Each structure stands twice: as structure tokens, then as C-alpha cells.
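A.B. asks: The sequence and its predicted three-dimensional model are supplied below.
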Amino acid sequence: MLIKGYLFIVTGGARGLGEQVVRLLIAHGAFVSILDVNVNLAEKLVDELGHDKCYFHGLTDVSKESDVDNALKKTIAQFPNVIFGGAVLSSGIVSPPKALDGYGPNFSLTSYQQFEHVINVNLLGTYCVAQKVSEILLKNEPMNQDGERGIIITVSSILGLDGLIVGYGTSKAGIAGLTLPLAKELSPFGIRVMSIAPGVFDTPIVDRSSNTTPLALFPKRLGNPNEFADLVLQIIQMPMLNGSVIRLDGALRA
């Protein structure tokens, strides 16, 4: 499907991988609505990229259905004559809040409350936005001869595929596992579903000063957010990509 002239939702679009997706989509002529909890960074990005192309409704917790409903309603009002193209769902957290204690020696093991919090944000939050956006895409007229109506791209992780970190890894494994079932459910309506499982990318959550940060096998470096965003655009434009998880990790295994 095309990118230019269509509207895309980007969750977690205020910084990191999501921010680069926002920048590249707009550079290719798309309209973008950011869903994020980081108000200051999101507003700064919208000011930079232009309110005619980029929109931020306000603080949006993707794990809260009412927040997502409100953000999508305001997005439609902001761009009333622009057709929804889909969503890139890159929001998420690595660790639960420090206020939630673990259990066991030094409280270092994952408690149910910690696990529940991460699952709610990462897995349920992803599905919440995916389902709400899909409901909008169903109303689209076919965009091309294939009958395509839009796309949902989720973000998993090699930590989910390779089994590391109980809460985060399980939530990202769930996102990967959601890909094919959701694609099968939505494909009859011309909506594709894909997922990207990144390795370690050069984003604000990575400790650049640490010598223990794992690098890709080749190229032997951190991933560049531009590479992630480029893949997102390629997925949008390639109709035969559907129902799969793409590792973007330079052969790194967790």
C-alpha cells in the first residue's frame, strides 16, 4: 500500500524507535498521530514536524481503553478528510515501577504485580490499539487491486523470541504470538498484520557507557533507529508481507 497521503498511528512515537518512524513517515508524505505518555517530548516533536502533518492529543496510556478511544476520536477530528492507513505499535516498558516489589532473595524475582503491570502495558496495550485501529480500517474502501484496507505493525523483541526477562520477554513473546492469529482474523478484510523483533538499538533506554551492552554479530554495532524505520516503510509498501515476525538483530541472540 501507499504511504503518502495516509494517516498512521504511532504508539511510543515520542522517542526512540517510534520517534524515528514518525519522522520517516512524515518525510514520505504521511500524516501521523502520536500516542504516548511522554507529553513534553511528543509536543516538542509535533512542533518540529508541523501541526498540519503531526498530531498529539495528550497523555495516552495504551493499556487504558478509554484513553485510546479518546485519542483516536480526537485524531479523526484533527484529520477528518485523511484515510487511516494503519498503525505502528512501538510503545512499551522494560521494567515495572520501582514501587512494585519482587519476591525472593533481595526481592529480585518477578512478583505477580510486576508481571501483571508489564503485560498490561506491553501486550494488552498493543492489542488495545491494534483492535481499535482495525475497527477503523474495516470501514476503508479497498486501496488497491488486492483489496488492501490497511496494516498493523507491532514491535516484539529478540528477548521475547529467545526467552529472557520474565515480564518483558513474556509480553514480547505474546506480541510475536499474536501476529499470525490476528493476521488470519483480519486478512479476509484486507488488513495485514506484521511484527518486528529488534535486537539492541541505539535508543535512550540503552546504556551507551556500558561495556556489557551486547552488539550484533555483524555489523558489529548497535542497530540504528533509521534501519528500524526503513523496515517499517518497506513492510507497509510490500503487500506479500503478512502474518510474520521479522528479526532485525544482526544475528544477535539473547
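C.D. replies: Great, that's in hand.

A.B. asks: Can you spell out which helices and strands pack onto the lengthiest strand in the chain?
C.D. replies: Across the chain, the longest stretch assigned as strand under DSSP state E is strand 191-198. Under the contact definition 3 or more C-beta pairs under 8 Å, 6 or more residues apart in numbering; DSSP states H and E, strand 191-198 sits against helix 125-137, strand 150-155, helix 158-162, helix 166-186, helix 225-237, strand 245-248. In short, each C-beta sits where N, CA and C put it, glycine included.

A.B. asks: Name the strands paired with that strand and say parallel or antiparallel.
C.D. replies: Here strand 191-198 has these sheet partners by DSSP bridges: strand 150-155 (parallel), strand 245-248 (parallel).

A.B. asks: which of those strands is buried the deepest?
C.D. replies: When the strands paired with strand 191-198 are scored by mean count of other C-beta atoms under 10 Å, the highest mean neighbour count falls to strand 150-155 (a mean of 27).

A.B. asks: where does the stretch 101-250 of the chain dip in pLDDT?
C.D. replies: Regions of the stretch 101-250 of the chain meeting the criterion pLDDT under 70 cover residues 207-210.

A.B. asks: hmm, try it at 90
C.D. replies: Flagging of the stretch 101-250 of the chain using pLDDT under 90 yields the residue ranges 204-213.

A.B. asks: about what we covered before: now do the longest strand of the chain against helix 125-137, angle only.
C.D. replies: On the basis of axes from the mean of the first three to the mean of the last three C-alpha atoms, to 10 degrees, strand 191-198 is oriented at 150 degrees to helix 125-137.

A.B. asks: To Asp61, which of the strands paired with strand 191-198 lies closest?
C.D. replies: Minimum separation from Asp61 across the strands paired with strand 191-198 (C-beta to C-beta) falls at strand 150-155, 17.3 Å.

A.B. asks: and for the closest one, what are the contacting residues?
C.D. replies: 1, 12, 17, 84-90, 92, 126, 130, 133-134, 137, 140, 143, 175, 178-179, 182, 186, 190-198, 232, 235-236 (C-beta atoms under 8 Å, 6 or more residues apart in numbering).

A.B. asks: burial count for Ile119?
C.D. replies: If you count neighbours by other C-beta atoms under 10 Å, Ile119 ends up with 18.

A.B. asks: Now it: phi and psi?
C.D. replies: The phi/psi pair for Ile119 (degrees, to the nearest 10) reads phi -60, psi -40.

A.B. asks: show me what contacts it?
C.D. replies: For Ile119, the contact set (C-beta under 8 Å, 6+ apart) comprises 167, 170-171, 174.

A.B. asks: Tell me the most packed of the residues you listed, by neighbour count.
C.D. replies: Ser171 (28 neighbours).

A.B. asks: these two touch, right, Gly92 and Gly12?
C.D. replies: Yes: at 6.5 Å, Gly92 and Gly12 qualify as touching, with contact defined as C-beta atoms under 8 Å.

A.B. asks: For Leu49, which non-adjacent residue is closest in space?
C.D. replies: Leaving aside its sequence neighbours, Leu49 sits nearest to Ile26 (C-beta to C-beta, 6 or more residues apart in numbering; 5.4 Å).
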